[in-house]
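> sequence and predicted structure are below.
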Amino acid sequence: MITLTNLSKIFRTELIETHALRDVTLQVNEGEFAALTGPSGSGKSTLLNILGTLESFDSGDYLLDGKSIKGLSDAALSQLRNEKIGFIFQSFNLIKDFSIYDNIELPLRYRGLKAAERKQRIEQALELVGLHARRDYLPAQLSGGQQQRVAIARAIAGRPRILLADEPTGNLDSLMARQVMELLEQINQQGCTILMVTHDPDQARRAGRNIQIIDGQLHDSTMYEPLATQSA
Amino acid sequence: MEQFIYYLKVSLLSIKRAPLPYALTVFILSVGLGVFFANATFYYQLNSDPLPGKSDKLFFPMTLTPYDCNDCRPPRILSYSNVQKLAASDIPSAQAAMYSSDGYARLTIDQPPTPVVIRITQRDFFQMFDVPLLHGSVWPDDNGHHQVILSRPMALKLFGRTAVVGESLLLDDRNFRIIGVLDEWQMLPRLYDANGRNHLTANEDIFLPLETGYDLNYLSKTNSQTFDDTDYRQLATEGRVGALHQLQYWVQLDTAAQQEDYQQYMQSLAEDEKAAGRHPAPINNQLVPMLGIVDYFGDDPGDIKAFALVTLLFLVVCLFNASHLALNRYLSNQYEFSLRRALGASRSQLQLQMLADVLLMTVFSLLGALFIGYAGVSLMNALLPQNSLFSTWDLTLITALILAAFTCSYLVTLYPSLRASFGSLNQQLKE
């Protein structure tokens, strides 16, 4: 599903060049749940942003569903983000004066879906994250864990095939973090490919695969037996 | 449409988020546009065509120069005898000489007198300049008559009603019969008065036959000049034969052939006068079309022109300031732009959002600008009384003002929104 070949990214300032990613070659298959781990500044968030087309790359190639995203127009990249990719951010990134419903509706608006379809999808997403009763709340009226669940609902309402999560539990306590992880696992079991940046080794183990990045290079790509199978 | 209403809703929410900077932006834009509107109003009035479809048929002829000079234009005012010479031609479809004077009117001798402005003219004046009559008629011929025609406001002021044909009034304590009352009429710009910068002032109150004006020694209140020893006080006698110049003269020439014939007539007349020794200067005939009269005489008021430049510069300064404020506002919302882009909004969709912002800003700044513009017009009326007439903002002007407000709002919003939508997605989402 995702194929990276010799992908490199350099951040340049007037004085220095920083090689954020060097010759990363990676294959992620449909339905995988992969954790991106590594020390701070190793390039894992950069890799996630490139996968989400939020960031460009300098060399190499990125194939999504067999098609290179190189040279795609802004409109094509926007459409790709809107239809195939869902984002979950560490700091939730909800619009504070929009209701929960309006926040989840945001990506669906840009897809041009009719009101009835938007409503149906939003309600399904709210049902999944267990916040249906709070659809008219503002983000500030919810706890951190609930806000992240809203962000997850927003990410999945568009029924993306890939979910990119950048430290989704980074701002949450352990109980909330566990709930969020359970939710992500549930979404993954429904067929959605998930790539998640995390510092937490336990969370990394819960994913089926750990992609470790050190100094911008792919260091290890371990396949774990899924947690559900282990417990069985 | 539903999506655009959504964009408007988002714009309103964004205003609600930081109302003070937004209000300041709108205020600055309103002030710049308001001052610009006020000036544009005067320019519009000054440069509009007061008689569409007819103005190209009305001409101001100037031919006979009673003094010696090189490359000079003939005087814009004519003597009574020169008007008689021009009026001898039957080429024009209509022709009228005129001047204006001051007087006092009242109904009875025991009433306090009302100052009035009198247009002293000939009967063709009303037909040439499409002057509408509400009651009565104009004089039967161009002879002297103790008959006047009143403007509607003057009839209402003196009598409290308009149906006053057949009534009498005292004009400078001489008895006159009223034979006509004009309907609502305001020619703007008032180009028939070629004497100086009076094109935005009100029409006259009372209309008097030219011969009667001369008989009663009414001297022009704007411009009169003599090139011999004519006694100004003896208008009825010396004024008719001497070189006392005070009359403006207009002719209506409906076709190109008429215009060519009239040019030829002026040439022949000037040659005759030259042969008779009454035209010492080289012949330099002019036949100025009505719409060219302001340019020809250089009467485009300098103060309004200078003010126009200042207001334009002021608008530019306001645009820069408003744009700077808008930039701050957009940059503080840049996170939201980036989030929208991350969630799949294309730049063109964000520009539609910007269009909604522009529409709202247009509405708010237009309202403010109309208010400030009206106040500005009132102020200019007070400061420049010679341009004191302001009629109404008609549909054309209102449309132009709306377009100006939209363009300025777009300019104010364009750069900030582009800056915001081209920011680094990743950076903004992390901040």
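Perfect, I can see it now.
> and the stretch 301-431 of chain B, which residues reach chain A?
Selection of the stretch 301-431 of chain B residues close to chain A by CB under 8 Å from any CB of the partner chain yields B:335-336, B:339-349, B:425-426, B:429. All C-beta spots, glycine's among them, are computed from the backbone N, C-alpha and C.
> residue ranges for the strands of chain A, please.
For chain A, strands defined by DSSP state E occupy the ranges A:2-12, A:17-28, A:33-37, A:59-64, A:67-68, A:85-88, A:162-166, A:193-197, A:209-214, A:217-223.
> ok, whichever residue of chain B sits closest to chain A - contacts?
Residue nearest to chain A within chain B: B:G344 (2.4 Å; CB to the nearest CB). Taking CB atoms under 8 Å, 6 or more residues apart in numbering or on different chains as the criterion, B:G344 is in contact with A:78-79, A:81-83, A:107, A:110-111, A:158.
> if we can go back for a sec, would you list the strands of chain A in CSV and tack on distance to B:G298?
Converted to CSV, these look like this (distance: least, CB to CB, whole Å):
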stretch, distance to B:G298
strand A:2-12, 62
strand A:17-28, 67
strand A:33-37, 78
strand A:59-64, 70
strand A:67-68, 70
strand A:85-88, 68
strand A:162-166, 72
strand A:193-197, 76
strand A:209-214, 79
strand A:217-223, 80
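> for chain B, which of these is the nearest?
It is, among the strands of chain A and with distance given as CB to the nearest CB, strand A:85-88, at 5.7 Å.
> tell me what that closest one is packed against?
Secondary-structure packing of strand A:85-88 (3 or more CB pairs under 8 Å, 6 or more residues apart in numbering or on different chains; DSSP states H and E): helix A:144-157, strand A:162-166.
> pull out the buried positions in stretch B:120-131.
Residues of stretch B:120-131 classed as buried under the neighbour-count rule (16 or more other CB atoms under 10 Å in any protein chain shown) are B:120-126, B:128-129, B:131.
> of these, which belong to helices?
Residues of the buried residues of stretch B:120-131 located in helices (DSSP state H): B:124-126, B:128.
> quick one, what contacts the residue of chain A found nearest chain B?
Using CB to the nearest CB, the closest approach of chain A to chain B is made by A:N82 at 2.4 Å. Listed by CB under 8 Å, 6+ apart, the contact set of A:N82 reads A:107, A:110-111, A:158, B:343-345.
> any regions of the chain where pLDDT drops low?
Unless you meant another one, I'm taking chain A. Scanning chain A for pLDDT under 70 picks out the ranges A:220, A:224-232.
> the intended chain is chain B.
B:196-200, B:299-304, B:384-392, B:423-431.
> what's the residue closest to the geometric middle of chain A?
A:L164 (1.2 Å; CA atoms, centre = their mean).
> beta partners for that residue?
A:F87, A:L195 (DSSP bridges).
> quick check, nearest of the contacts of A:N82 to B:A308?
B:A345 (42.2 Å; CB to CB).
> so who does the closest one touch?
B:A345 sits next to A:78, A:82, A:110, B:353 when contact means CB under 8 Å, 6+ apart.
> now with 10 Å?
B:A345 makes contacts with A:78, A:81-82, A:106-107, A:109-111, B:337-339, B:352-353, B:421, as judged by CB atoms under 10 Å, 6 or more residues apart in numbering or on different chains.
> what's the closest non-adjacent residue to B:D172?
Spatial nearest neighbour of B:D172, excluding adjacent residues (CB to CB, 6 or more residues apart in numbering or on different chains): B:G103 at 4.8 Å.
> the one you found contacts B:F207, doesn't it?
No - the criterion here is CB atoms under 10 Å, and B:G103 misses it with B:F207 at 11.9 Å.
> which one of the two has more residues nearby?
Neighbour count, other CB atoms under 10 Å in any protein chain shown: between B:G103 and B:F207, B:F207 has more, with 26 against 22.
> ok so the more buried one is a strand residue?
Yes - counting by DSSP: H, G, I helix; E, B strand; the rest coil, B:F207 is part of a strand.
> from B:F126, how far out is the nearest residue to it once chain neighbours are set aside?
Take B:F207 and drop its neighbours on the chain: the residue closest to it by CB to CB, 6+ apart is B:I149, 4.2 Å away. In this view, B:I149 and B:F126 are 8 Å apart by CB to CB, to the nearest Å.
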